[in-house]
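Enquirer: dropping the sequence and predicted coords here.
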Amino acid sequence: MQARIYIFAVAVILLALASLPLTLQFPSSAQVSTFIGPRVWPLLLTVLLLLFGGALLVMTWRDGRRRAQQPLQDGIVQHAISPDDLPTGASESDTGEAPARTLSLAATRHWWLMAATVGYTLLMSIIGFVAASAIFTLLCTLLLGARSWLVIVITVVVAVVLMQGVFVTLLGIPLP
Amino acid sequence: MEHFLGGLAVVLQPLNLLLLTSAVFIGFIGGALPGISGVILVVILLPVTYGMEPTTAFMLLTAIYGATVFSGLITAILYRAPGTPESVMTAFDGYPMTQQGQAGKALGIGVLSSAIGGIVGTVALIVFTPILASMALRFSSPEYFALAILGLTVVASLGGRLIYGLIGATLGLLIATVGTDPLTGTSRYTFGNLNLAEGVGLIPMIVGLFAISEVMKRALDQDSHQPLKKVKVKIFDLPILRQIGGTLTRSSFIGVITGILPGIGASTAAMVSYSEAVRWSKHPEKFGKGAPEGVAAPESANNAAAMGALVPLFALGIPGSGTTAVILGAFIMHGLQPGPMFMITSSDLIYAVFAGLFIVNFMILLFSKPFIALFTKLLNVPYSALGPLIVMCCIVGTYSVRNSMFDVWLMLGFGVLGYLLEKLRFPLVSIILGLVLGPIAESELRRTLSMSQGDLSILFTRPISATLLAIAFLLLAMAIIAPLMKRLRNRAASNSSPEQRSHS
């Protein structure tokens, strides 16, 4: 968990730094007719982002050190639930141990799904909505674990009919 | 009052009533299915509403919104798989009750609490919106800027870790600056891409951050489906009512207030009211093991908050929660701008919506039993079929907003971002509120400084804006000090116990 936060903090700082040169190119207040130019606000935000990112970095480092020094501090039971304590449903642990990293299909399924979605979006513009949807549904049902061919076929047919019927025929929305 | 009756008259027309009922039904189904939430449903059905009269359209969308907040509890209680984010807390005590064979009782409490919370919320909605709107008519630029800052501060300080909230809000604000500057016409961060000239759309961001990331999350953990046994739902159970009465009252109020606060919605309301219920209870150890209050508190709060979140939306044009932000997007799509002026020009639409919501809460009471019986059969649809369907609906829905594939790509990008941020338990709503409030915050700040010729103190000398900023400051201060105090107290506790042990 700690590693992720570090990465996030660094990413935020990098984003802020990357936006800085872009932001400085905007016309300053002196150059435009309105009282405050278009540069002020984004510049303020970029600086704030830099500060917050830095703060997060420092806080995370401090938390890491504190946790290493006092591992028995968590004996205090808290009944009042804070939003931080909610289960997220994902298979992560809070003690900082890295989850078992498998590159198996099960562990990376969500990325495959995203890849399939990206492919679907690309395909849509090329071979049309209906065909692309059929392929996408087929792929995804397999990906997400359906085993019986009957179910898969039904799903594909229902999905395509639903999409085409509701969105195109009923509502007349132009689709690629 | 006449306004409300007028709205009621509109709603009770047979066609409208029929549409309302189907909307409630759709909302029930969507909310009950894990992975489909209010956000997704409203987005998917947004294109459906294009051809309709605005009044009907928004009656439907808000009805769906109200219905989904209720039905999430069904799977939360039965399977520990909340159907919507708002019902996460309900699973804490609801599922243990199912395990003890008391599923029917839990469901009944949930239904009753939701309906009561919803009615309280709707009444608050009807009463407070005009009041807030008339106050807002006296707002000028400094007040709007202060309000925007307050909204962002609230969501940053109450929505999770403060630093995350601050980063999220700033990110959202920064993303909001992408596009053409309305006051000078300068292009900012557009990289010469015409698609970005109008800025980043609200819908691609919300759908991506919430819906797509949810699909990705669900793709990763596959719960096994247990076939559902028949459950008898008991709603009106007098002894239970007496037991949970106090909880219901307190939680509904907490819900309404939390909902009204911009950016904090039904999910947070459920959490806060659960914590408060534990704190006020004489038997706190019973929570988490099947305490009826543990179901009543979050469910009444989330429905009340859902209604409350519409107050700032209608009165000020500022969404009270993530889902209401989508409804704001829907308004914009129809060419309408909610806010104090809107209350005056389109009060019939607004009161029809209010009346509709009022009726929806009664429908929850009426239809929940048959629906739950029916729904148990529907639940066996595997996610492998639902998942792609949801993704496709999201894509079509997002595309149809601007006929733009670019928006779809944006949505996918936000989807990945949302998934990654969720792993950090990052409050996504802060980014969304940043995007929504960004344009307001910036333009009003610039106008304010224009008005005062560069003098920032104008924000503090005007009474309303000073009050709003003071509240914002207080919230920030509390959010910073509270964890520090907790840490000091913990350290004191652990420092004293070794001493005690060595003395004994």
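Expert: That came through fine.

Enquirer: in stretch A:118-138, what's buried?
Expert: Buried residues in stretch A:118-138, counted by 16 or more other C-beta atoms under 10 Å in any protein chain shown: A:Tyr120, A:Thr121, A:Leu123, A:Met124, A:Phe129, A:Ala132, A:Ser133, A:Ala134, A:Ile135, A:Phe136, A:Thr137, A:Leu138. In this view, the C-beta of every residue, glycine as well, is placed from N, C-alpha and C.

Enquirer: do the same with stretch B:186-206
Expert: Quick answer for stretch B:186-206 (16+ other C-beta under 10 Å): B:186-190, B:195-196, B:199-206.

Enquirer: B:Arg279 versus A:Met114, what's the distance?
Expert: Taking C-beta to C-beta, to the nearest Å as the measure, A:Met114 falls 42 Å from B:Arg279.

Enquirer: ditto for B:Asp455
Expert: 45 Å.

Enquirer: setting aside sequence neighbours, what's the nearest residue to A:Gly119?
Expert: Leaving aside its chain neighbours, A:Gly119 sits nearest to A:Phe136 (7.7 Å; criterion: C-beta to C-beta, 6 or more residues apart in numbering or on different chains).

Enquirer: work out for me the element the nearest residue to A:Ile5 once chain neighbours are set aside sits within.
Expert: Excluding its sequence neighbours, the residue lying closest to A:Ile5 (C-beta to C-beta, 6+ apart) is A:Thr60, at 4.8 Å. Assessed by DSSP states H and E, A:Thr60 sits inside helix A:40-69.

Enquirer: could you say what helices and strands that helix packs with?
Expert: helix A:2-24, helix B:162-176, helix B:428-451 (3 or more C-beta pairs under 8 Å, 6 or more residues apart in numbering or on different chains; DSSP states H and E).

Enquirer: got the angle between that helix and helix B:428-451?
Expert: Counting by axes from the mean of the first three to the mean of the last three C-alpha atoms, to 10 degrees, helix A:40-69 lies at 140 degrees to helix B:428-451.

Enquirer: which element is encountered next along the chain beyond helix A:40-69?
Expert: Next helix or strand after helix A:40-69 toward the C-terminus (DSSP H and E): helix A:105-127.

Enquirer: quick check: next helix or strand after that next one?
Expert: By DSSP H and E, the next helix or strand past helix A:105-127 is helix A:129-143.

Enquirer: which strands and helices sit next to that next one?
Expert: Going by 3+ C-beta pairs under 8 Å, 6+ apart, helix A:129-143 lies up against helix A:105-127, helix A:149-162, helix B:383-402.

Enquirer: same thing but at 10 Å, please
Expert: helix A:105-127, helix A:149-162, helix B:213-220, helix B:383-402 (3 or more C-beta pairs under 10 Å, 6 or more residues apart in numbering or on different chains; DSSP states H and E).

Enquirer: what comes up buried for the helix or strand following the shortest one?
Expert: The reference is to helix B:213-220. Once the chain leaves helix B:213-220, the next helix or strand it forms, by DSSP H and E, is helix B:238-260. For helix B:238-260, the neighbour count (16+ other C-beta under 10 Å) marks B:240-241, B:243-244, B:247-248, B:250-260 as buried.

Enquirer: same for helix B:238-260, what does it pack against?
Expert: helix B:103-136, helix B:266-280, helix B:292-308, helix B:310-316.

Enquirer: of these, give the one that comes closest to chain A.
Expert: helix B:266-280 (4.3 Å; C-beta to the nearest C-beta).

Enquirer: my guess is B:Gly7 contacts B:Ser346. True?
Expert: No: assessed by C-beta atoms under 10 Å, B:Gly7 is found out of contact with B:Ser346, at 11.6 Å.

Enquirer: among the buried residues of stretch A:118-138, which pair sits farthest apart?
Expert: Within the buried residues of stretch A:118-138, A:Thr121 and A:Leu138 form the most distant pair, 16.1 Å apart (C-beta to C-beta).

Enquirer: rewinding a little: deepest in the core, which of the helices and strands packed on helix A:40-69 is it.
Expert: Mean neighbours per residue, mean count of other C-beta atoms under 10 Å in any protein chain shown, is largest over the helices and strands packed on helix A:40-69 for helix B:162-176, with a mean of 25.

Enquirer: do you know the pLDDT at residue 154?
Expert: As the question left the chain open, I've gone with chain A. Listed pLDDT for A:Ile154 reads 75.

Enquirer: hmm, no, I was thinking of chain B.
Expert: Reported pLDDT for B:Val154: 75.
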